[in-house]
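[1] Using only what follows, build the 3D model:
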Amino acid sequence: MKKELKFDGSIFRRYKDLNYKLWYAIAEFVDNSSQSYIDNRKELDASREKKLEIKIAFDNAEQLKVVDNSYGMNEKDIEDLLHVGRNKEASSTGIQRSEFGMGLKTGGFWLGSKIEIQTKKFGCESTFSFTMDLDQIVKGNNSFEIKSQKTDNKKDSFTRLTIKGMHKRFSSYETGRTKDILSSIYSEDIKNGDLKLKWNEDWIKPYRRTIMSSQNCDYINPEPNGNINEQKWDVNLDINGKKITGFIGLLKKGGKDGSKRLNAGFSVSRNGRNVYCYPEFWRPREIFGDFGSNNMINQRVFGRLSFDNSFRVSQTKDLIIFEGKEEITINEKLKEIAQEAMNKAEGGEEWWSDKSPSPKLPPTTKEETDEVLGDPTNDGVIEEVDEFVTDEVSEEEARTYIEDVTSGDPDETFPFGTNIQVKVWYLEDARDADYLYIKNWDMEDIRIVINTVHPYYTKMVSESVNNLSLRKAQYVIDCIHDALAECLLIKKTNDQNYKINPHSFRKVKDQFLRKHARIETASN
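    Model prediction:
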């Protein structure tokens, strides 16, 4: 007995639950447009001055528009588009960005419930338009009316994609990062002038990371023949017939395009567009260590690698799919090539040597601080913590932790100046507790409880083994400063016959610290 495999249109309803990101969904449409241009580039370039232009207009929770001047589609192409999961013919160019026959449908229905398309193919005398309505597809109506209209300019070509009925409103983090991530995914196309990409009102510039050389570093000398001495090591690997080319290098000192954690790691391209890119460059553990590490290698070592088409990628094109022991072999060979770069990154004061000290933050430190504090995700923090808990709740929670921990002798006592002693107890098994509790606000007998398993503390002290003791000390110092500030504040308000609840003050600050830890984790 045989049974037929059946498909229900309601499967498209599940697309909105796919593990996409806004930028990867939009990249599906850019890939389709750029593939159409790559396949027909010679014909298009001969007929006009413009290269490929793609304009993206995103109105959060309302609609997304993507307009290109690529080759366009006719009725036969539209029929292929409506064939879900079809086998794509291999491009004669050897570049295959549009390869699964799924991207427009998965990306489109992940975003919204209606996909409207208007298109005209180069050399065709008609414009075609149609709408894919998710609600109708779920009901079993898989037929689409294709409307056509005659035009005069046969050499005109375009596709206009509009997605409506958006399923969600995206966070400020997602919308704020999309422009930068697209600039990284398509950095080579944009840099080479093959693509002009517009995000809302801005033409996107290629994402830049600059290699250290004798041009931007005082202590590196040019080569004897006068050539710029770049700090890079070529990569040319053959893994069972699969090719990996590119280089590993050292980032220049400081600046937006220089040494910092967000710029370190390897960009990995396939078909000329990046699979691994900002803000999640590829960091093989053999070179960069455990996830979250922020040592000098994780700030200074970077690279650009190109994997050939024989390496498979995930459907969202954000992950290389390795087979067997490929990844282990590749990582070991990359480490051999990167070893000198790793040694240079970790050693030598000359990397940071300055001719004269400055009272300002070093450029790299300032950039990283701006990156965290200026993150768009911070825009809603004030509103988020405004009404999250009552004074009574926070005070009762504080009292519970304080009484449990401070029953015995303090873990440590720290002096402040010569007259004040601060008694400190440590919480070591309460990750959900606040970062700090204070038992009393008497300058003669200050007693505080510090949470050393708070996510902000554990992240801060894990970022660099080189400065571990200093980081722990700084955290304790910050807590003690908070305690002293509260003691002074309590005294001041009591003198004025006005009572505040310091537990609520700390509860609010605790939310800021937790938010800071989440932003740092997302950025990395």
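
[2] contacts and neighbour counts: CA atoms only from here.
    Will do.

[3] tell me the contacts of Val235?
    Going by C-alpha atoms under 8 Å, 6 or more residues apart in numbering, Val235 touches Ile244, Thr245, Gly246, Phe247, Ile248, Leu305, Leu334, Ile337.

[4] Mean confidence (pLDDT) on the one helix or strand it maps to, please.
    Under the criterion of DSSP states H and E, Val235 resides in strand 232-239. Confidence over strand 232-239 (mean pLDDT, whole number) is 96.

[5] tell me the SS of Asn331?
    helix (DSSP: H, G, I helix; E, B strand; the rest coil).

[6] What is the neighbour count of it?
    16 (other C-alpha atoms under 10 Å).

[7] That one reaches Gly289, doesn't it?
    No: here Asn331 lies out of contact with Gly289, judged by C-alpha atoms under 8 Å, at a distance of 11.7 Å.

[8] what is in contact with the two at once?
    Common neighbours of Asn331 and Gly289 (C-alpha under 8 Å, 6+ apart) do not exist.

[9] you'd agree Thr178 is in a helix?
    Yes: counting by three-state DSSP, Thr178 is found in a helix.

[10] SS state for the closest residue to it other than its chain neighbours?
    In space, Thr178 comes closest to Trp23 once its chain neighbours are excluded; the distance is 5.3 Å by C-alpha to C-alpha, 6 or more residues apart in numbering. Of the three states, Trp23 takes helix under three-state DSSP.

[11] contacting residues for Trp23?
    Glu174, Thr178, Ile181, Leu182.

[12] neighbour-wise, which of those leads?
    Leu182 (25 neighbours).

[13] What is the neighbour count of the nearest residue to Met166 once chain neighbours are set aside?
    Leaving aside its chain neighbours, Met166 sits nearest to Gly112 (3.9 Å; criterion: C-alpha to C-alpha, 6+ apart). Neighbours of Gly112 under the rule other C-alpha under 10 Å: 23.

[14] per-domain residue ranges of the protein.
    9-203, 232-351, 384-523 (automatic domain parsing).

[15] Distance to Asn216 for the ones you listed - can I get that in JSON lines?
    Listed next are the domains of the chain as JSON lines, based on distance: least, C-alpha to C-alpha, whole Å:
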{"stretch": "domain 9-203", "distance to Asn216": "21"}
{"stretch": "domain 232-351", "distance to Asn216": "7"}
{"stretch": "domain 384-523", "distance to Asn216": "26"}
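
[16] Which among those is found nearest to Ile220?
    Closest of the domains of the chain to Ile220 is domain 232-351, at 9.7 Å (criterion: C-alpha to C-alpha).

[17] what's the nearest residue to Val275 if we skip its chain neighbours?
    Counting by C-alpha to C-alpha, 6+ apart, the residue nearest Val275 is Asp318, at 4.8 Å.

[18] Around that neighbour, how many other residues sit close by?
    17.

[19] Would you check how far apart it and Met166 are?
    23 Å (C-alpha to C-alpha, to the nearest Å).

[20] Dump the helix or strand just after the strand holding Val235 to PDB, restricted to CA.
    Per DSSP H and E, the first helix or strand lying C-terminal to strand 232-239 is strand 242-250. What follows is strand 242-250 as a C-alpha-only set of coordinates in PDB (Å, rounded to 0.1, in the frame of the first residue of the first chain):
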ATOM      1  CA  LYS A 242      37.600  22.400  -1.100                       C
ATOM      2  CA  LYS A 243      39.400  25.800  -1.300                       C
ATOM      3  CA  ILE A 244      39.800  28.500   1.300                       C
ATOM      4  CA  THR A 245      41.700  31.600   0.400                       C
ATOM      5  CA  GLY A 246      42.300  35.000   2.000                       C
ATOM      6  CA  PHE A 247      44.500  36.300   4.800                       C
ATOM      7  CA  ILE A 248      44.900  36.700   8.600                       C
ATOM      8  CA  GLY A 249      46.200  40.000   9.900                       C
ATOM      9  CA  LEU A 250      46.500  42.400  12.700                       C
END
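
[21] list the helices and strands the helix or strand following strand 242-250 packs on?
    For strand 242-250, the following helix or strand on the C-terminal side (DSSP H and E) is strand 265-270. Helices and strands touching strand 265-270, by 3 or more C-alpha pairs under 8 Å, 6 or more residues apart in numbering; DSSP states H and E, are strand 273-276, strand 301-307.

[22] mind showing which ranges of the stretch 351-500 of the chain have poor pLDDT?
    Within the stretch 351-500 of the chain, the segments meeting pLDDT under 70 span 351-393, 431, 460-471, 488-489, 491-500.
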